[in-house]
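In: need a structure here:
(2 chains)
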Amino acid sequence: MKYGFTFSVAFHVAVLAASVLGLPLLSPPEEFEEAPVFVELVEIDEVRNLPEPAPEPEPEKTPEPPPPKPEPVVEKKPEPAPPPPPPAPKPEIAALPPEPEPEPVTVPEPKKEPEPAPEPEPEPEVKVEPKPEPEPKPEPKPAPPKPVAAKAALPKKPKPPEQFEVASLLKTLEDIKKAKKPEAKEEPKLDFAEQMRNALKTKSSAPNADPTKAVTMTERDAMQRQVIKQVTPCWNINPGSKGAENLAVVIRMQMNPDGTVQSASIEDQARYFNEPFFQSAADAAKRAVLNPRCNPIKLPPDKYQFWRQIVINFDPKELL
Amino acid sequence: MLIRAIMRKFALAIALSVLTVGAVSAELRVDITQGKAEPLPIAVADFFGTGASDSQIGRDMAGVIAADLQRSGLFKPIDKRAFIQTDASLSTLPRFGDWRIINAQALVQGRTQLVPDGRLRVEFRLWDVFAEQQMVGLAYFTVPDNWRRVAHIIADAIYKRITGEDGYFDTRIVYIAESGPELRRVKRLAIMDQDGENHRFLTDGSELVLTPRFSPTLQEITYLSYRGNTPRVYIFNIDTGRQELLGDFPGMTFAPRFSPDGQSVIMSMSSNGKTDIHVMDLRTRQARQLTRSGAIDTSPSFAPDGNQIVFNSDRGGSQQLYVMESDGSKVRRISFGKGSYATPVWSPRGDLIAFTKISRGTFYIGVMRPDGSGERLLAQDYLVESPTWSPNGRVLMFFRQTKRGENVSDPRLHSIDLTGYNEREIITPVGASDPAWSPLIP
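Out: Residues are numbered from 1 along each chain as shown, chains lettered A, B, ... in the order given. Below is the predicted model:
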């Protein structure tokens, strides 16, 4: 009893002393600020590697939901240009020759093999579910039926894109935020603890996560610099266009291991189809990443895990 | 035990936050803020026709389209001799690899066909060579003689799809054609396509004409004519060739310009040594006086929304630019640089005002924002004057006279991009001044 009491008192005093004297010493600001970030990042990427093998069975079940394919075909048979009434040439008046109005008619894309138009969107990547459950509804996401031709049909009266500046900038920001969110959510919580425990116990528990192949901040920086160095010369901007300061475009690329671009897609499809200026800027950005002169991007093959997906934000703001 | 549980939770929390960061790190995010501004390499293949005459038209159309795009300074048409795929095979489907090799980033391809009823059917497609996708595809029916205009319309469609801005190729220029010796100068109203083709004179030169301006509804031009030795504002109908005096003012009227809706004309009227700005409703023919400064207020030009007017005035001593509401209220000066400013023109896209500036005996063409900020000078010479905007607000045309020794050159029309690059002369048969750019032909 007494022994216990004295021990308790001694212990409390010790704790108190530690909290008064010890703690300030334990938390000098410099110590924490410097190193930890690096160390943790190394670990992160290893851990991050873990879920990769899991989704592998996914591709196998893809044959199941092929319904979106036929869509473009249906869309492709617009009216075969019904010869509209002849544009009665105006009777010759005074100085000018007749000006028969040429009538624009939409030309459908020529028939060819299942046009890659309905792009193999990044959808497989984003939607990856670590659990190879066949249950999950096959993402009914109806690929936006590219109304390219349809829109082109009325080239005469495009609404003036005068007012979009501020609103669209906000929208872009929102969209960028949105784009980020799903990624964070992507990690299912149940697996988490499991994976963590595994990762902490045995580092090499994942077959393809080689701890020596983790990426450091410096390496990431170098890879980013390489992308910038190679893509910048192919990005052609249109300096005189109105509202160019609000035309930042985000391009998401799926990369092949050899550094070539497997696919590139424009984020913010809604804006792409509604704003001619954004459409133009987005196409220019896409041309930059697809241009064979700036491709393949020379990135370390053994770090492929970390650049399999590259997201570039093309922002012309500073160029104006 | 409890402590251990807390510890574990804490560890898990750290692990969670770490993993969230990890999720972001799985993709490489990069910001690119530097680029280059170079013309886009584009291949314009001859439009394919099966017969002799339609394939000739196809060749001519491709030539006009390529020339339009090149003149804009935003495109670089690739020499046809470099093309690998033939026009015939191209008319079924492009082999994109063939076009990538010659560094074409966009490809224009089309067909011309004379249909049995005598009309010409023209279709074209614009392809994104890297993405291997069609960007736009359209077809037109027209009379064969109208092929040149259809070519301009197609060039506009391509320009719009790639730059996002409306084109300006299907437009005309009206200007003052000047010929003869200095003392007996003949000045005629003339009109031509934006590329200098289809040139013709609208007046015979028996009376002096100045400052033509297009109506936004196109069939009409307003201008100043010295008929009977009194300068008065007239309206000329292009279709009928009819000239009409606008209003019967006591003094002389000049510097006319249409309002953006084409329903009224704004101009200066001078009497008793004062010059003020008046606006006349074309339907009711009622005129309204907008300024009464007692100074010389002239060269009014509406903002594209019709709510404001820019003009120049010497009310402050030297000639400067002022902006006011369309009812004449809230007059404020916007030009504060050295020298004097004249002939302001509000851009059709609203973001800039072009002007002529005179400083130390040199003339400049420049632009500034409607609040007077951001002044930039684009061209200078012994005489540069009379800027006019392309309908998309991207290009300015003006006339230029150069002095070499004692000789002053004939005035010539020049166009220049808003950025100050890509200045080009528009070839005219005689001297040319006072250009006015039409809107897109409706």
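In: got a pLDDT number for the residue nearest to residue B:238 when sequence neighbours are not counted?
Out: Nearest residue to residue B:238, sequence neighbours excluded (C-beta to C-beta, 6 or more residues apart in numbering or on different chains): residue B:219, at 5.4 Å. Just so you know, the C-beta spots here come from the backbone N, C-alpha and C atoms, and that holds for glycine as well. Among the per-residue scores, residue B:219 shows a pLDDT of 77.
In: tell me if I'm right that residue B:354 and residue B:342 touch.
Out: No: counting by C-beta atoms under 8 Å, residue B:342 is not a contact partner of residue B:354; they are 11.1 Å apart.
In: one step back: spit out the contact partners of the residue nearest to residue B:238.
Out: Residues in contact with residue B:219 (C-beta atoms under 8 Å, 6 or more residues apart in numbering or on different chains) are B:237-239.
In: what does residue A:272 give?
Out: Contacts of residue A:272 (C-beta under 8 Å, 6+ apart): A:266, A:278-279, A:282.
In: which ones among these map onto helices?
Out: A:278-279, A:282 (DSSP state H).
In: re earlier: who's more crowded, residue B:354 and residue B:342?
Out: For residue B:354 versus residue B:342, the count of surrounding residues by other C-beta atoms under 10 Å in any protein chain shown is larger for residue B:354: 24 against 20.
In: over to the nearest residue to the more buried one once chain neighbours are set aside: give its phi and psi.
Out: Distances taken as C-beta to C-beta, 6+ apart put residue B:387 closest to residue B:354, at 4.1 Å, once the chain neighbours are dropped. Backbone torsions of residue B:387, given as degrees, to the nearest 10, read phi -70, psi 150.
In: what's the pLDDT at residue B:387?
Out: Residue B:387 is given a pLDDT of 94.
In: kindly report the same for residue A:245.
Out: pLDDT at residue A:245 comes out at 70.
In: just checking, it touches residue A:318?
Out: No: Residue A:245 lies out of contact with residue A:318 (C-beta under 8 Å); the separation is 9.2 Å.
In: more neighbours: these two, which one.
Out: Under the criterion of other C-beta under 10 Å, the comparison of residue A:245 against residue A:318 puts residue A:245 first, with 14 against 9.
In: on the three-state scheme, residue B:175 is what?
Out: Three-state assignment for residue B:175 (DSSP: H, G, I helix; E, B strand; the rest coil): strand.
In: any figure for the gap between it and residue A:278?
Out: Distance, residue B:175 to residue A:278, by C-beta to C-beta, to the nearest Å: 36 Å.
In: cool, and residue B:173?
Out: For residue B:173, the distance to residue A:278 - C-beta to C-beta - is 32 Å.
In: with residue B:442 instead?
Out: Taken as C-beta to C-beta, the span from residue B:442 to residue A:278 is 27 Å.
In: equivalent analysis for residue B:355, please.
Out: 31 Å.
In: what of residue B:40?
Out: In terms of C-beta to C-beta, residue B:40 sits 17 Å off from residue A:278.
In: these two - which one has more neighbours?
Out: Neighbour count, other C-beta under 10 Å: between residue B:40 and residue A:278, residue A:278 has more, with 26 against 18.
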